[in-house]
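Peer 1: Quick check, what structure comes out for this input:
(one chain, ligands or ions: 1)
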Amino acid sequence: MICLGIESTAHTFGVGIVTDKGRVLANVLKPLVTKKGGIIPNEAAEHHIGVCSEAVEEALSAAKINVGAVNLISFSQGPGLGHCLRVGAMAARTLSLLHKIPLIGVNHCIGHLEIGKLLTEAKDPVLLYVSGANTQIIAFENGKYRVFGETLDIGIGNMLDVFGREIGFGFPAGPKIMELSAKGKKYVELPYVIKGMDVSFGGILTNVSEKYRSGKYSKADLCYSLQETVFAMLVEAAERAMAQCNKRELLLGGGVASNLRLQEMCRTMCSERGAEFYVPERQFLVDNGAMIGWLGILEYKKGKRTKIEGSWIKPYERTDDV
Ligand code: FE2
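Peer 2: From the prediction side, this is the model:
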C-alpha cells in the first residue's frame, strides 16, 4: 500500500509518499520564505497554492511512481492556520476525486509522534513537540493520545521569533538565537514559569525584551539565558510526564527540536534517569508530508475513513480529542 500525504498547517507545503512497510519514498518540503518574519496566513496560503501541483509532481517523480500507484491520500486536517489547511485539504480532495483514491484526514501533532516512532527505535515514547505555534508533551496512554503538558499561551518557536525580531534577526530566529547563545557568558535571571506540566512563555518574552531595551545586557547573554531558561522548563515538564506515565523514552518533534542545546539537555536528562532519547533527522522534525502519509496508513489500517463531506478542516482540533 502506498500513501501520499499532504501537509499544509502553517508555512510549509509538504508532500510525502510512504509505503505501509514504513519506507519513505519521497518527502518534498516547500517552505514559505519571508524576509519580514512571521507568517501572514493569506500569504502562506497563496504560496501553498503556487507550489501545490509541483510539490505533488516532484514527490511522485522522487518516488518513481505515477499517481495510479497511490492507494491512499492523507492530509493534515488540523490543527493549524485555516487559510493554509484549506489548500492542503483542497489538493487532497481533488486528487482523491480525480483519481478515485480513498481519502483520510489526520491530526498533525500525532503525525510528529508517529513518524518519530517509525524512524527511530522509540516504541512508546513521550513526545516533546516544539514548533512555532505548538508546544505540547504528548503520549499514548490507556488507548488514547493524551496531552500531558502544553504552553498556556504562545508556542516556543513563536516566542523565539518575536524576541529575534526585537533584536534584529529575521525569520526563523531560532537558529540565529542558538548560534549567538554559544557566545553568551553570563546567565541573566529570567522568570521560570512552569505549572505542573504546563509552561508559559508570554511573561518571559516581555521580561527578556524589556531587559534588551534597557541596554544593560548583551544580545549574546540574553539569547543564552533565554534558551537555558525555556529549555529547562520544557525538559522539566517532559521529565515529569515520563515519570507520571512510567515511560522510558523521550522523542523530540517539531522545528525547534533541531536546536542542539535543547537536544543536549534532553539527552542529559534521559541519561540521568536511565531513559532513551530519540531525535529524527531534520526533514522529519519539521512539518512534512511523510508524517502525514505514515499516520494516514496507520489510521486507515485501523479502519478510519474520511468522506469528502467529512473532510472539512479542523483548525482548532485538540490532540486529546482524536
Ligand atoms: Fe508541526
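Peer 1: What are the phi and psi values at L251?
Peer 2: Torsion angles at L251 (phi, psi; degrees, to the nearest 10) stand at phi -120, psi 140.
Peer 1: Tell me how many other residues crowd it.
Peer 2: Using other Cβ atoms under 10 Å, the number of residues around L251 comes to 29. C-beta coordinates here come from the backbone N, C-alpha and C atoms, glycine included.
Peer 1: And it, how far from the ion?
Peer 2: As judged by Cβ to the ion, to the nearest Å, L251 and the ion stand 14 Å apart.
Peer 1: now the residue in the stretch 201-322 of the chain that the ion sits nearest to, what's its secondary structure?
Peer 2: For the stretch 201-322 of the chain, the residue closest to the ion is D287, as judged by Cβ to the ion, at 4.4 Å. Of the three states, D287 takes coil under DSSP: H, G, I helix; E, B strand; the rest coil.
Peer 1: Then the one 10 residues further on?
Peer 2: Look at I297: counting by three-state DSSP, its state is helix.
Peer 1: ok, now Y217?
Peer 2: coil.
Peer 1: so it touches E189, yeah?
Peer 2: No: using Cβ atoms under 8 Å as the test, Y217 is too far from E189 to be in contact (10.8 Å).
Peer 1: Check the gap between the residue nearest to L205 when sequence neighbours are not counted and K144 for me.
Peer 2: Leaving aside its chain neighbours, L205 sits nearest to M159 (5.1 Å; criterion: Cβ to Cβ, 6 or more residues apart in numbering). The gap separating M159 from K144 is 29 Å, by Cβ to Cβ, to the nearest Å.
Peer 1: Name the residue in the two with the higher neighbour count.
Peer 2: In this view M159 and K144 are compared by other Cβ under 10 Å, and M159 has more residues nearby, 25 against 11.
Peer 1: Report pLDDT for that one.
Peer 2: Confidence at M159, expressed as pLDDT, is 97.
Peer 1: residue contacts, it?
Peer 2: With contacts defined as Cβ atoms under 8 Å, 6 or more residues apart in numbering, the neighbours of M159 are 201-202, 204-205, 230.
Peer 1: biggest separation within those, which pair?
Peer 2: The most widely separated members of these are G202 and V230, with 11.7 Å between them, by Cβ to Cβ.
Peer 1: between the two, who's got more neighbours?
Peer 2: Just comparing G202 and V230: by other Cβ under 10 Å the higher neighbour count belongs to V230, 25 against 15.
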